[in-house]
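Enquirer: predicted structure and sequence below. I'll ask about it afterward.
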Amino acid sequence: MTWSERIVEREDGVRLSCRDGGGSGAPVVLLHGLAGHAGEWDAVAVRLRADGHRVVAVDQRGHGHSERFPKDTSRAAYVADVVAVVDRLELERPVLIGQSLGGHTAMLTAAAHPGLPGGVVLVDAGPERADSGLGEEIGGWLRSWPVPFPSREAAVRFLGGGAVGEGWAAGLEERDGGGLWPRFDPEVMVRSLAENAARGWWEEWAAIECPTLAVVAENGIIAAEQFDGMVRGRPALWSASVPGSGHDVHLERPDALHRLLVDFIGTCAGVHPRS
């Protein structure tokens, strides 16, 4: 699969980098989680592209090859970025698929712009308010990275090994002077989580009109109480649990996630023509 880079310039000067896999089939937009990058979706993207889908993976603001230091890290800014990408690339009723913070962005986009997506998929993400100390806890972990990593192998080991370590390490960049560095700033990441700890997003969850799939990792971050609330708020919700998987389902079990996506996306075709 060959990717082409597409650049979307926002009105606020933020430059968004998108990886476009081409294709003329039903479009999907892939949104990574906090401190992630578009490339971590590769294993899933290849499978979706083989199914004939137009696949676009976005480096969200503050991440990857997109604007590294955006002034605005609000949830609304992340949502507006998705809308800009969909409009600029002329994607008709795409299915928005997001993991973790990317799933939260997909959820809020579907709630605020009901005419935009043909469906939405949350991968180990939900509307519950985050713990008040989560941002600083994650920020502390990101600041603890022993950068620069001397090699990719060292980075993979530190970041958990296996498919997860490989996926995270693939997002690093080599800089002058040697070594591998993250393509994000920890302080920007902390600010990007601030609103998630300020309130819950249950009203937005209930406002979604398009078909919705919630994929929960067996060893992920979505507690049973939150999932039960999601089902009560959306009785027609599609849902599935991926056994033996942690939070990074798309890295650990891309095959299982792909099977769930194929069944779900097939139900989204032709639902609610875009207005």
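Expert: Thanks, I have it.
Enquirer: where exactly do the helices run in the chain?
Expert: With DSSP state H as the criterion, the chain has helices at 42-50, 75-88, 101-112, 134-143, 152-158, 162-169, 186-198, 202-207, 224-233, 249-252, 254-268.
Enquirer: any low-confidence regions in this protein?
Expert: Counting by pLDDT under 70, the chain contains low-confidence ranges at 269-275.
Enquirer: ok, now with 90
Expert: 1-2, 12, 22-25, 176-177, 235, 266-275 (pLDDT under 90).
Enquirer: rewinding a little: could the helices of the chain be laid out in CSV, adding mean neighbour count and distance to V14?
Expert: For every residue, glycine as well, the C-beta is placed using N, CA and C. Converted to CSV, the helices of the chain look like this (neighbours: other C-beta atoms under 10 Å; distance: least, C-beta to C-beta, whole Å):
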stretch, mean neighbour count, distance to V14
helix 42-50, 20, 23
helix 75-88, 20, 7
helix 101-112, 25, 14
helix 134-143, 15, 21
helix 152-158, 17, 27
helix 162-169, 19, 24
helix 186-198, 18, 12
helix 202-207, 16, 23
helix 224-233, 14, 31
helix 249-252, 26, 25
helix 254-268, 18, 28
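Enquirer: Throw the ones you listed into TSV and include distance to L122, thanks.
Expert: Shown next, in TSV, are these (distance: least, C-beta to C-beta, whole Å):
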stretch	distance to L122
helix 42-50	14
helix 75-88	14
helix 101-112	4
helix 134-143	18
helix 152-158	27
helix 162-169	19
helix 186-198	14
helix 202-207	9
helix 224-233	8
helix 249-252	11
helix 254-268	11
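Enquirer: what's the closest of those helices to C18?
Expert: Among the helices of the chain, the nearest to C18 by C-beta to C-beta is helix 75-88 (5.9 Å).
Enquirer: and that closest one, what other elements does it pack with?
Expert: When contacts are defined as 3 or more C-beta pairs under 8 Å, 6 or more residues apart in numbering; DSSP states H and E, helix 75-88 packs onto strand 4-9, strand 15-20, strand 27-31, strand 54-59, helix 101-112, helix 186-198.
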